[in-house]
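J.: I'll drop the sequence and a predicted model, then ask my questions.
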Amino acid sequence: MFHITVHSQVSSVPVIGIVMGERGLISRILCAKFGGFLTFGTLESGVVSAPGQPTIKDLLDLYNFRSIGPDTKVFGIIGKPVGHSKSPLLYNQAFKSAGFNGVFLHLLVDDVASFLQTYSSTDFAGFSCTIPHKEAAVKCCDEVDPVAKSIGAVNCIIRRQSDAKLFGYNTDYVGAISAIEDGLRGSHNGSSAGASPLNGKLFVVIGAGGAGKALAYGAKEKGARVVIANRTYDRARELTETIGGEALSLADLENFHPEDGMVLANTTSIGMQPKIDETPIPKHALKHYSLVFDAVYTPKMTRLLREAEECGAIIVSGMEMFIGQAYGQYERFTGLPAPKELFRKIMSKY
């Protein structure tokens with residue numbers, strides 16, 4: 001569709017090029033960049049004349065539609081599902097505040113390799129990468145940061161403007177581990193003075209996907225003893241063979257309590273909207289943990305966190321990881337310092 005609208009500029013033939021549905025949202029927003037004659041918006045959310053229509057308010061306030069032009073850099077979050085992500089809310093407001101000519105979109109993607117090959121122009125300058133594509137994205141990059149390579153997952157991809165090569169990074173582990181350390185210290189100042197409070201702790205990770213790998217790596221780097229619990233035991237075992245530690249099936253976690261004061265980190269999508277009544281571990285098993293972290297941040301207070309708090313554990317929301325990992329991504333996207341206070345102000349509303 002973008003090829004058609006760009007060609008229409010050359011031939012001076014006005015073209016309205018729009019794709020329907022969730023996948024077509026980018027065509028409704030990026031028409032302003034690629035030469036589409038106009039787009040459609042709805043006055044009221046949910047009251048649409050065609051599937052995928054954004055509200056006029058979102059077009060103007062969220063996506064800064066009137067500021068989008070041929071030189072606007074395009075960024076987005078690649079995932080499936082992806083509509084729940086708050087990333088566009090965060091980055092678009094930050095771009096606008098900094099006067100940075102960029103727009104950030106939801107990108108519903110089935111196959112990350114195919115997507116990156118299709119959208120290979122330097123107009124598409126960078127991507128956040130979420131479930132389930134973090135591991136597959138490693139193979140799509142021309143170069144991968146050593147830390148991301150060690151983890152085996154990337155959550156940030158930058159396309160170099162000079163030659164369109166893709167560079168992969170992982171900012172998940174910094175965001176999550178810093179949030180957990182702050183929780184154990186009882187602060188949110190990000191101070192790293194002194195030994196990590198994770199040193200010597202038994203750190204239980206639920207999930208062996210991209211986020212699980214990042215947290216396991218980060219915890220190991222901080223001196224924690226790592227346990228990986230996964231629905232598929234073989235995947236947990238494969239991860240522990242790489243980083244060390246003990247592997248469990250998720251079902252075994254209910255009766256796993258070799259000591260008190262452990263740290264639990266859920267890196268799966270269990271409990272994420274719309275399945276907010278789900279939890280990866282029974283409530284009675286949570287009494288053995290001093291801190292429980294949940295990477296899910298929609299909703300902010302998951303069932304896992306609510307029950308952990310009722311059991312007396314310190315709880316750390318996935319929102320803290322989301323904000324923390326976004327610092328590094330924003331700086332790579334823009335080359336500007338991350339507006340940390342603005343990020344927290346924006347996300348305090350959700």
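T.: Received it, and whenever you're ready, just let me know what you need.

J.: show me the contacts for the closest residue to residue 23 other than its chain neighbours.
T.: Nearest residue to residue 23 in three dimensions, chain neighbours excluded: residue 108, at 5.2 Å (Cβ to Cβ, 6 or more residues apart in numbering). Backbone N, C-alpha and C define where each C-beta goes, glycine included. Each residue near residue 108 by Cβ atoms under 8 Å, 6 or more residues apart in numbering is listed here: 22-23, 79-83.

J.: what sits up against stretch 277-287?
T.: Contacts for stretch 277-287 (Cβ under 8 Å, 6+ apart): 206, 250, 253-257, 264, 266, 268, 270-271, 292, 302-304, 307-308, 310-313.

J.: how close does the residue nearest to residue 23 sit to residue 130?
T.: 11 Å (Cβ to Cβ, to the nearest Å).

J.: any common contacting residues for the two?
T.: With Cβ under 8 Å, 6+ apart as the test, residue 108 and residue 130 both reach 79, 82.

J.: how far off centre is whichever helix in the chain runs longest?
T.: Assignment by DSSP state H gives helix 318-334 as the longest helix of the chain. How far helix 318-334 lies from its chain's middle: 9 Å, per Cα atoms, centre = their mean, to the nearest Å.

J.: which strands and helices sit next to that helix?
T.: The helices and strands touching helix 318-334, judged by 3 or more Cβ pairs under 8 Å, 6 or more residues apart in numbering; DSSP states H and E, are helix 87-98, strand 124-129, strand 156-159, strand 166-169, helix 172-185, strand 289-294, helix 340-347.

J.: run the angle between it and helix 87-98 for me.
T.: Between helix 318-334 and helix 87-98, the angle comes out at 50 degrees (axes from the mean of the first three to the mean of the last three Cα atoms, to 10 degrees).

J.: leaving out sequence neighbours, find the closest residue to the residue nearest the centre of the chain.
T.: Residue closest to the average C-alpha location in the chain (Cα atoms, centre = their mean): residue 130, at 4.7 Å. Distance criterion Cβ to Cβ, 6+ apart; nearest residue to residue 130, sequence neighbours excluded, is residue 79 at 3.8 Å.

J.: beta partners for that neighbour?
T.: For residue 79, the beta-bridge partners under DSSP bridges are residue 108.

J.: ok, it - contacts?
T.: 85, 107-109, 129-133.
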